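Undergrad: Show me the folded form of this:
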Amino acid sequence: MTDNELKELVAGLAVSQAKTDAQMAKTDAQMARTDATLERMGITLGNVTNNTGSITEEYFYNCLFEKPVLGGVKYDKVRRNIGGVGLKSEDEFDIVMYNGDSIALIECKSKAHKNDLIKLIERKAENFRDLFPYYSNYKIYLGLASFCFYPELEELAKQNGVAILRQKGDVVEIEANNLKAY
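TA: Residues are numbered from 1 along each chain as shown. Below is the predicted model:
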């Protein structure tokens, strides 16, 4: 290979490298924009999920506050979002109902799944007793509240003695005392 051919080859490689570098810079910029978009979408989806969870909890809390009965057991107090940190566990309970000898722990999900039920059965009662030892001798009942159940989940809940709470019928409260015609 002659010196000129070698110089042309090196020059061609330099041009190719410059084109590659320019394309890589464009790709990096596009990836940065895509990453920013995905982050915004993740935040938005997280907010939607949190909002849906809050809506579900609010709905079932209002229903139970109005009529604090589960499985024929009447409760004196209904609280929401009770959390605690203990030596063995940390947990939050969506809705807790209290009376003199019983506790009802209600887990709220917009669409319930089998793993939600399993977590409720296997951990929630034990965690509650650990976090709130004052109630360690109380009977603890469990309930799964959701806007959407599938038949196998309902059956599994029934087999395990877990209450199923769902919306049904005429449950809308209308406040219209100050109604005005336009």
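
Undergrad: just for the chain, where's the confidence low?
TA: Flagging of the chain using pLDDT under 70 yields the residue ranges 6, 9-10, 38, 40-53, 169-176, 179-181.

Undergrad: Backbone dihedrals for residue 102, please?
TA: phi -140, psi 150 (degrees, to the nearest 10).

Undergrad: Start at 439, not 1
TA: Fine by me, first position is 439 from now on; the one you just mentioned is residue 540.

Undergrad: just checking, it touches residue 577?
TA: Yes. Counting by C-beta atoms under 8 Å, residue 540 does reach residue 577; the two are 4.7 Å apart. Just so you know, the C-beta spots here come from the backbone N, C-alpha and C atoms, and that holds for glycine as well.

Undergrad: So for the two, which residue has more residues nearby?
TA: More crowded of residue 540 and residue 577, by other C-beta atoms under 10 Å: residue 540, with 18 against 12.

Undergrad: Distance check, that one against residue 520.
TA: With distances taken as C-beta to C-beta, to the nearest Å, residue 540 is found 15 Å from residue 520.

Undergrad: gap between the helix or strand encompassing residue 451 and the chain center?
TA: Using DSSP states H and E, residue 451 sits within helix 441-504. Relative to its parent chain, helix 441-504 has a centroid offset of 24 Å by C-alpha atoms, centre = their mean, to the nearest Å.

Undergrad: after it, next one along is what?
TA: Next along from helix 441-504, by DSSP H and E: strand 507-508.

Undergrad: Given the helix or strand following that next one, what are its sheet partners and their directions?
TA: Using DSSP H and E, the helix or strand that follows strand 507-508 towards the C-terminus is strand 511-512. Here strand 511-512 has these sheet partners by DSSP bridges: strand 507-508 (antiparallel).

Undergrad: Could you list the residues in contact with the strand it pairs with?
TA: For strand 507-508, contacts defined as C-beta atoms under 8 Å, 6 or more residues apart in numbering pick out 502, 513, 535, 542, 544, 579, 581, 601.

Undergrad: switch the cut-off to 6 Å
TA: 542, 581, 601 (C-beta atoms under 6 Å, 6 or more residues apart in numbering).

Undergrad: So the second one: helix, strand or coil?
TA: Which is residue 581. Classification of residue 581 using DSSP: H, G, I helix; E, B strand; the rest coil returns strand.

Undergrad: residues touching the closest residue to it other than its chain neighbours, list them.
TA: In this structure, residue 581 finds its nearest non-sequential neighbour in residue 601, 3.7 Å apart by C-beta to C-beta, 6 or more residues apart in numbering. The contact partners of residue 601, by C-beta under 6 Å, 6+ apart, come to 508-509, 581.

Undergrad: same thing but 7 Å
TA: Neighbouring residues of residue 601 by C-beta atoms under 7 Å, 6 or more residues apart in numbering: 508-509, 579-581.
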